[in-house]
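[1] when you get a sec, could you give me coordinates for this:
(one chain, ligands or ions: 1)
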Amino acid sequence: MKISLIQLDIAFGNPGANYAAAEQLIRRAAAAKPDCLILPELWTTGYDLTRLEQIADPHGAQTKAMISALAREYSINIVAGSVASKQPAGITNSMFVFNREGGLAGEYSKLHLFRLMDEHLYLQPGEAKGLFTLDGALCAGLICYDIRFPEWVRAHTALGAEVLFVSAEWPMPRLSHWRALLISRAIENQCYVIACNRAGADPANVFAGHSMIIDPWGDVIGEAAESEMILSGSIDLQKVREVRQQIPIFTDRRPELYL
Ligand SMILES: O=C(O)CCC(=O)C(=O)O
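    Presented below is the predicted three-dimensional model:
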């Protein structure tokens, strides 16, 4: 499975510019015929939280229409990062996943809102897991701060997820945490981690880039620099099965004693 990560530099509070830039990069990445693309977190608005009421995508409709059409046109799977999606009960930070036919394969709303960046004041948290299937592989979607919660990640891999797709707007000052947390999640869950961060800066933060592809042994098989770019790499699900057989942690774990 060939994956491309679109490490977009997001225009602050400007959905029009971001839809156009993302479409251009998706078309460029799709020309190389990957099996799957992934975008970063909140890629239509960035962290312009105080204006989300005006700029969030109602029901994610514009995002879904654009990504579904591109997935179908190129016959690729697209993990559409996350966008601010305006629902009757509030605004969620939601990931939409489309399959090669352009059908909605999954939907996940960020469960852990990041207080340090005031997310809890403007967003409603999700309440459900982010499992979905792409080309027969069971995958999980996670959003940024979620990777600091190993028990949440395990809730997905204990059900069989073999690939974790992480979309993020992770700031530069904690780049060392980003790398260590992602590598740890890959090692302890013996799965692939495909983590797409944004590039660039907004009025409050400089973001780290460094999108990563990590294999089930914890080896980094691809890592972006800081600026806007497309990172590509291949994953082989057989490797997940081999590592899980070699060190059978899912057989040896004793969850009944962990509470
Ligand atoms: O956990 C962190 O350090 C960064 C999290 C974050 O930026 C986010 O969830 O948006």
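
[2] quick check, Lys239 in a strand?
    No: Lys239 is assigned helix when assessed by DSSP: H, G, I helix; E, B strand; the rest coil, not a strand.

[3] contact partners for it?
    Counting by Cβ atoms under 8 Å, 6 or more residues apart in numbering, Lys239 makes contact with Tyr192, Asp215, Pro216, Trp217. Glycine gets a C-beta too; all of them are placed from N, C-alpha and C.

[4] out of those residues, which are close to the ligand?
    Counting by Cβ under 6 Å from any ligand atom, the subset of the contacts of Lys239 that neighbours the ligand is empty.

[5] which of those residues count as buried?
    Buried members of the contacts of Lys239, scored by 16 or more other Cβ atoms under 10 Å, are Tyr192, Asp215, Pro216.

[6] of all those residues, which comes closest to the ligand?
    Nearest to the ligand among the buried ones among the contacts of Lys239: Tyr192, at 21.0 Å, using Cβ to the nearest ligand atom.

[7] the closest one contacts Ile213, correct?
    Yes: Tyr192 lies in contact with Ile213 (Cβ atoms under 8 Å); the separation is 7.3 Å.

[8] what's the overlap in contacts for these two?
    Ile235.

[9] about what we covered before: redo the contacts of Lys239 as CSV? Include pLDDT and secondary structure.
    Putting the contacts of Lys239 into CSV (pLDDT from 0 to 100; DSSP: H, G, I helix; E, B strand; the rest coil) gives the following:
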residue, pLDDT, secondary structure
Tyr192, 98, strand
Asp215, 98, coil
Pro216, 98, coil
Trp217, 98, coil
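
[10] the host helix or strand of Val193 pairs with which strands, and in what direction?
    Using DSSP states H and E, Val193 sits in strand 192-196. Strand 192-196 pairs in its sheet with strand 163-167 (parallel), strand 212-214 (antiparallel), by DSSP bridges.

[11] show me which residues of this protein sit near the ligand.
    Going by Cβ under 6 Å from any ligand atom, the residues of the chain near the ligand are Phe114, Met117, Cys144, Tyr145, Arg148, Glu169, Trp170, Pro171, Arg174, His177.

[12] strands of this structure, residue ranges please.
    Remark: strands assigned in the chain by DSSP state E are 2-7, 36-38, 57-58, 77-79, 83-87, 90-98, 104-109, 131-134, 137-143, 163-167, 192-196, 212-214, 220-223, 229-234.

[13] off-centre distance for the first one?
    It refers to strand 2-7. Averaging C-alpha positions (Cα atoms, centre = their mean, to the nearest Å) puts strand 2-7 11 Å from its chain's average.

[14] tilt between it and strand 229-234?
    160 degrees (axes from the mean of the first three to the mean of the last three Cα atoms, to 10 degrees).

[15] just the fifth one next, same as before
    Counting by the same axes, to 10 degrees, strand 83-87 lies at 90 degrees to strand 229-234.

[16] from here on, call the first residue 225.
    All right, first residue 225 from here; so that's strand 307-311.

[17] quick one, which of the strands paired with strand 416-420 is packed in tightest?
    strand 387-391 (a mean of 28; mean count of other Cβ atoms under 10 Å).

[18] so what's the gap between that one and the chain middle?
    5 Å.

[19] give me the residues contacting that strand.
    If you take Cβ under 8 Å, 6+ apart as the criterion, strand 387-391 is touched by 262-265, 267, 303, 305-306, 319, 321, 358, 361-368, 370-371, 377, 380-381, 406, 409-410, 413, 415-420, 459, 461, 464.

[20] lovely, talk soon.
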